[in-house]
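Q: Fold the following and give me the result.
(one chain, ligands or ions: 1)
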Amino acid sequence: MKLFYAPGACSIGIHVLLEEIGKPYEPVALNIREGAQFKPEFTQINPKSKVPTLVKDDGGVVTEYPAIALWLASSFPEAKLLPAGADKLAKALEYTDFAVATLHMQGFSRIFRPANFAPNEADHAAVKAKGEEIFKKGLGVFDAALEGKDYLLGEFSFADSALFYVSFWWNGRLGNELPPNVAAHYARMKARPAVQRTLAAEGLS
Ligand SMILES: N[C@@H](CCC(=O)N[C@@H](CS)C(=O)NCC(=O)O)C(=O)O
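A: Predicted coordinates:
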């Protein structure tokens, strides 16, 4: 397997899952600030120009965070990343998609890339404020979901990797406070050897 990632980007969550699995893989860092994702060498692999992108051993390509996470969890059951049963599996996908599609794409993207939402610079402060509102509301949902639990599904699953990366952005990168249950989850995640190896590999520890 080959993982295309950018240090500190959302791909860090998939990087964590690969470290949890512990099978051989090749991490390939893309400099997305310099536009490596738009170069033909990469667009012929993923025309959407996004990380994470996973190339399987059979040469097939998996894109989109929830799909990659689900594929990894299903393909390596011994890593126990896949919750058993339809109800828990649906919950894991629900949490993963909420972190990626709402907190990341709707919230964090507004905070980090306001120009993608409003061409007029005068509107950027309002766009960022909306992003923060979306992000904080989402963290509140995760905080309630974690009440009385160590991980989102009780046991560790692929969904925790998605909450980890948005927590890392909010707290680790922006220095904002996390609500108590999410803060405890983030601390628990950072204590996992797989997370520590990933942070070190991405030059973030
Ligand atoms: N919907 C995608 C989002 C991936 C995404 O937005 N990745 C960002 C990094 S966090 C990226 O590759 N950005 C490069 C760009 O937009 O040019 C997923 O679930 O994987």
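
Q: where's the residue sitting furthest away from the middle of the chain relative to the ligand, distance?
A: Distance to the chain centre peaks in the chain at A122, reaching 30.4 Å (criterion: Cα atoms, centre = their mean). In this view, A122 and the ligand are 24 Å apart by Cβ to the nearest ligand atom, to the nearest Å. Any C-beta I mention is one placed from the backbone N, CA and C, and that applies to glycine too.

Q: what about the strands in this structure?
A: Secondary structure of the chain (DSSP state E): strands at 2-5, 26-29, 53-55, 61-63.

Q: Could I get those in a markdown table, plus columns for mean neighbour count, mean pLDDT and distance to the ligand?
A: Formatted as a markdown table, those follow (neighbours: other Cβ atoms under 10 Å; pLDDT from 0 to 100; distance: least, Cβ to the nearest ligand atom, whole Å):
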| stretch | mean neighbour count | mean pLDDT | distance to the ligand |
| --- | --- | --- | --- |
| strand 2-5 | 22 | 98 | 9 |
| strand 26-29 | 15 | 98 | 12 |
| strand 53-55 | 23 | 98 | 8 |
| strand 61-63 | 17 | 98 | 6 |
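
Q: These into JSON lines, with extra columns for distance to E132?
A: Listed next are those as JSON lines, based on distance: least, Cβ to Cβ, whole Å:
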{"stretch": "strand 2-5", "distance to E132": "26"}
{"stretch": "strand 26-29", "distance to E132": "29"}
{"stretch": "strand 53-55", "distance to E132": "29"}
{"stretch": "strand 61-63", "distance to E132": "28"}
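
Q: what about D97, distance to the ligand?
A: Where the ligand is concerned, D97 sits at a distance of 9 Å (Cβ to the nearest ligand atom).

Q: so who does that residue touch?
A: Taking Cβ atoms under 8 Å, 6 or more residues apart in numbering, we find D97 in contact with P66.

Q: and the biggest helix by length in the chain, what other elements does it pack with?
A: Ranked by residue count under DSSP state H, the longest helix found in the chain is helix 124-145. Packing partners of helix 124-145 (3 or more Cβ pairs under 8 Å, 6 or more residues apart in numbering; DSSP states H and E): helix 109-112, helix 158-167, helix 180-190.
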